[in-house]
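Undergrad: Got a sequence here, can you model it:
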Amino acid sequence: MRPSAVVAAGKAQIGGGQQCPPHVARAATASDAARPPRSHVAAEVGRIGELLKQAQFRTALAASEALLAEVPQNRDALYMLAVSQRYLGQIPAALVTLARLEQLQPAFSRLFQERGHCYVALRSSNFAIAAFEHAVHLNDSLPASWNALKVLYRMTGRLQDAETAAAHALRLASLPPPIVTAFALFADGEVHAAEELVRRYLLTRGNHIEGMRLLAKIGMHFDVVDDAETLLASVVAIAPHHSAARYEYAVALLKRHKHLRAREELQKLLKEDPGNRIYRTTYATVCAEMGDSEQALSRYRDLLTGTPQDCELHLASAHALKTVGRSEEAIESYRAAAAARSRCGEAYWSLANLKTYRFTDAELARMRADEAEPSIPLVDRYHLCFALGKALEDRTEYAASFHYYERGNALKKTECRYLPQPIERNARLQAAVCTREFFAARKGFGCSSAAPIFIVGLPRAGSTLLEQILASHPQVEGTMELADIARIAQELQGREPEAGEPRYPRVLAKLTALECQQLGERYLQDTLVYRRGKPRFIDKMPNNFRHIGLIHLMLPNAKIIDARREPLACCFSNYKQLFASGQQFTYSFEDLARYYRSYRQLMAHWDTALPGTVLHIQHEDLIDNLEASVRRILEFCDLQFEPLCLQFHQNRRPVHSASSEQVRQPINRLGLAQWRHFEPWLAPLREALGDLAESSVSSRGSKV
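TA: Have a look, this model is predicted:
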C-alpha cells in the first residue's frame, strides 16, 4: 500500500481544481492491498442490482433467492430480496427478510430505510418514522430517508422536526450525487467502494470540500492518519467555519498525539458551541492524553450526569481512573459500561487488562454467550476473546484459554495491514547508514541537553517497571509513550521515496549540525506539555529502538535504556495482549518472531555503532536482583542512588500502560513463568524464533 495514496487525490485539487498529474491518476488507492478480487458472488450481486434498476423485480427476486441458497448470510442478497418483495407487494415477507438481515447486520442503515418504506406501504406512520430515524442515525447520507421523514413529520404535526429533515435533505441535494453515495457507502462499511468513488470524482472534477473530508475519513479508517491530517488541515483552511471538518481535524491531531494542537482546535469549537457533548467528551479525552487525569475525570463526571447510560463515557472514565490508580472505582465504571451496552467487548477486556481482576462465574458465562452470538460486531468479538483468554488463564484452564487467545488474534489480524518487510528493510538501512564512522564524523552534533531518558524495546518487556523505578527518583519525571521521535522520523521520510527508496534513514546523512540541534530543541519544546518541571524526564515509547541513530544525532547526551525480556516470554506476552492502537506485529507468531529478531539484530548494531550508548536491562535479572539493577540504572543515568526507587510500588503517579496495576505492587516473580503453561501450543512460535528461543530456554530454564 502507498502510505500517501489517500491524500494524493485531495492534495492535487487544493487551490483551483486543476487536472491531476498523471502519477496521481495512476496512484493506488489506500485500500488496494486489502481489496479482495471480484468474486462470483460480487458479480451476481451487481447483476441483481441492475435488475432492480430496470424494475425487473420478479427476476431479481428469483436471482436473490438463488444466491441466498449459495450464501445464506450475504447482506446484499438479503437486502435485494427484501426490496424485490416490497415492490412486488409482498410486504410481510419483506419485513421477515429484513428481520433476518438485522440479526446478521444490525448496523446496516439501508435495511432500516427499506423497513421504513415497508411501513409506509402499510400506512403505519409511527413505525415508519422509527425505522427512518434509525436509518439516519446510522447513516446521515440517506436522501430518501430524510425526504420520507420530512413528509411523515408534517403528516403527524411535528413541524420543527420536518424543517430539520428538510434541511438535511436540502444539504444532500446540494452535493454531487457521487459524493452523497460515497458517504452512504462509507457509513455502511463499504469503504473500498466509497474510496474508489470519491477518488474518481476528485481526480476528474477537482477540489470539493466534502469529497476531501470523506477521503480524510477513509484515511482515518485505514490508519493513514498523517494523510488525513493533511487533508483536513486544507479543508479547515479553505472553510474555517466548517465545524464538522474542524472537529475531524482535532480528532486526527489527537490520533497523531498532537495533543496541544488538538486541544486548541477543540477550544475553538467549544467557544462556538459550549454545550456540544461530542466536543466536550473529546476535550476530556485530550486532557487525559496530556496527563491531566483529574480534569478529565471531572469532565467525564459532568457528562455522565446528563447521560448515565453512555457506555463510551463509562469506559473513558474507567480508563482515567485506572491511570491514576483508583482501581476499585475503575472496576465499577467498567462494569457500568458493560451494563450500559450489551456485548460491550471493550468493557470486559478492560477488566481483564487490569491483570488483577478475576471474573465471576456469571460474568464468564455471559462473556462466552456474547462471543458466540453470530451477529456480534467483530470489534466486540475479539475484545471478548482476549478477555476470555485472560479469564480462563487465571482459572488455570490453559487449553481453553489458548483457544480464545488464538481466536482473538486471528480475528484482530483481519483488521491489520501489518507487513514485516518494511520494518526489516528499515532496520537494514539503519545499519547501513548509521555506522560507527558515520557518528564519529558527526561528533558534537545536536542539542546538549541531558534531560531525556528513553526506554526502548518491545512492549511487555518490563519497560513500565523501569519507568516506575526511575520516576520514583526526585529528579526524574515519568511522562508516557511519546510519539514525537516517530513523528520527526516520518517528517524526514516525507511523502515520496527518492528513486524508489525510502528517504529515511538515508536523509540523516544530509542533516547539518544546526539542523540536528534544532530537531533536539524542538523535541524538548514539544514535550514540555507532558512535564511538570523536574530536570529529567522519561520517554517510554518502545518503538524508538528503531530511531536510536536519529535520537543520538538530535540529543547525544540523552540516556537510552533497552528493556529486554526473554524471547518466548516476551513474544507470548505480546500475543496475549490486545493493544488499543498500533503494535500490529503482535497478532501472529510469525510476525512476532520476525519483529523480535529484527529488534535484537538492530540493537546489536547500535552496540557496535554507538558503544556504551545503550544500557540493556534484562527483565529477569531486574526481578532477581532489584537493588543491584537499580544502582546500575541510576549510575548509567548519572543519578545519585535513591532508596525511593526500591519502593517504586508506593509511587502514586499516573501510569498509562497495561502494566499500571502490576507496577503498583512489590517486586514479584509471578509473571516470569506464565508462558510455560502454554508450551504445548507454542511450537510454531519456538520454531519461528529459532536459535533465539533455544538460547532463551537453555540460559534461563532453571530460573523460571
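Undergrad: residues near Arg75, how many?
TA: For Arg75, the neighbour count with other Cβ atoms under 10 Å is 18. No exception for glycine: its C-beta is placed from N, CA and C like everyone else's.
Undergrad: So it sits against Pro106, correct?
TA: No. The pair Arg75 and Pro106 fails to qualify as a contact (Cβ atoms under 8 Å) at a distance of 11.2 Å.
Undergrad: in stretch 678-693, what's buried?
TA: Residues of stretch 678-693 classed as buried by neighbour count (16 or more other Cβ atoms under 10 Å): 678, 681-682, 685-686, 688-689, 692-693.
Undergrad: Farthest pair within those residues?
TA: Pairwise distances across the buried residues of stretch 678-693 peak at 18.6 Å for Trp681 and Leu692 (criterion: Cβ to Cβ).
Undergrad: Would you point out the helix or strand in the chain whose mean pLDDT is lowest?
TA: Here the helix or strand of the chain ranked lowest by mean pLDDT, DSSP states H and E is helix 22-25, holding a mean of 27.
Undergrad: Output the contacting helices and strands for the helix or strand just after that one.
TA: Next in sequence after helix 22-25, counting helices and strands by DSSP states H and E, comes helix 40-53. Under the contact criterion of 3 or more Cβ pairs under 8 Å, 6 or more residues apart in numbering; DSSP states H and E, helix 40-53 touches helix 57-70, helix 75-87.
Undergrad: Give the buried residues for the longest one.
TA: In terms of neighbour count (16+ other Cβ under 10 Å), helix 57-70 has its buried residues at 57, 60-61, 63-64, 67-68.
Undergrad: quick one on the thing from earlier: just the ones of the buried residues of stretch 678-693 in helices?
TA: Cross-referencing the buried residues of stretch 678-693 against helices under DSSP state H gives 685-686, 688-689, 692-693.
Undergrad: can these go into a markdown table with extra columns for distance to Ala410 and pLDDT?
TA: Shown next, in a markdown table, are these (distance: Cβ to Cβ, whole Å; pLDDT from 0 to 100):
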| residue | distance to Ala410 | pLDDT |
| --- | --- | --- |
| Leu685 | 15 | 96 |
| Arg686 | 19 | 95 |
| Ala688 | 16 | 95 |
| Leu689 | 20 | 95 |
| Leu692 | 24 | 92 |
| Ala693 | 22 | 85 |
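Undergrad: do you know how far Pro72 is from Ala339?
TA: Pro72 is 34 Å from Ala339, where distance means Cβ to Cβ, to the nearest Å.
Undergrad: again, but for Tyr348
TA: On the measure of Cβ to Cβ, Tyr348 and Ala339 end up 12 Å apart.
Undergrad: Those two - which one has more neighbours?
TA: Per other Cβ under 10 Å, whichever of Tyr348 and Ala339 has more neighbours is Tyr348, with 30 against 13.
Undergrad: How about the contacts made by the residue lying closest to Leu152 once chain neighbours are set aside?
TA: Of all residues not flanking Leu152 in the chain, Ile129 sits nearest, at 5.1 Å (Cβ to Cβ, 6 or more residues apart in numbering). Residues in contact with Ile129 (Cβ atoms under 8 Å, 6 or more residues apart in numbering) are 116, 149, 152-153, 156.
Undergrad: what about 10 Å?
TA: Applying Cβ atoms under 10 Å, 6 or more residues apart in numbering to Ile129 gives the contacts 116, 119-120, 148-149, 152-153, 155-156, 158, 161.
Undergrad: Serialize these to JSON lines and add fields for neighbour count, secondary structure and pLDDT.
TA: Below are the contacts of Ile129 laid out as JSON lines (neighbours: other Cβ atoms under 10 Å; DSSP: H, G, I helix; E, B strand; the rest coil; pLDDT from 0 to 100):
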{"residue": "Gly116", "neighbour count": "27", "secondary structure": "helix", "pLDDT": "97"}
{"residue": "Tyr119", "neighbour count": "21", "secondary structure": "helix", "pLDDT": "97"}
{"residue": "Val120", "neighbour count": "20", "secondary structure": "helix", "pLDDT": "97"}
{"residue": "Ala148", "neighbour count": "24", "secondary structure": "helix", "pLDDT": "97"}
{"residue": "Leu149", "neighbour count": "27", "secondary structure": "helix", "pLDDT": "97"}
{"residue": "Leu152", "neighbour count": "22", "secondary structure": "helix", "pLDDT": "97"}
{"residue": "Tyr153", "neighbour count": "22", "secondary structure": "helix", "pLDDT": "96"}
{"residue": "Met155", "neighbour count": "12", "secondary structure": "helix", "pLDDT": "95"}
{"residue": "Thr156", "neighbour count": "13", "secondary structure": "coil", "pLDDT": "95"}
{"residue": "Arg158", "neighbour count": "15", "secondary structure": "coil", "pLDDT": "94"}
{"residue": "Asp161", "neighbour count": "17", "secondary structure": "helix", "pLDDT": "95"}
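Undergrad: Could you export the residues you listed to JSON lines, including columns for distance to Ala558?
TA: Shown next, in JSON lines, are the contacts of Ile129 (distance: Cβ to Cβ, whole Å):
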{"residue": "Gly116", "distance to Ala558": "61"}
{"residue": "Tyr119", "distance to Ala558": "66"}
{"residue": "Val120", "distance to Ala558": "67"}
{"residue": "Ala148", "distance to Ala558": "62"}
{"residue": "Leu149", "distance to Ala558": "59"}
{"residue": "Leu152", "distance to Ala558": "65"}
{"residue": "Tyr153", "distance to Ala558": "63"}
{"residue": "Met155", "distance to Ala558": "70"}
{"residue": "Thr156", "distance to Ala558": "67"}
{"residue": "Arg158", "distance to Ala558": "63"}
{"residue": "Asp161", "distance to Ala558": "60"}
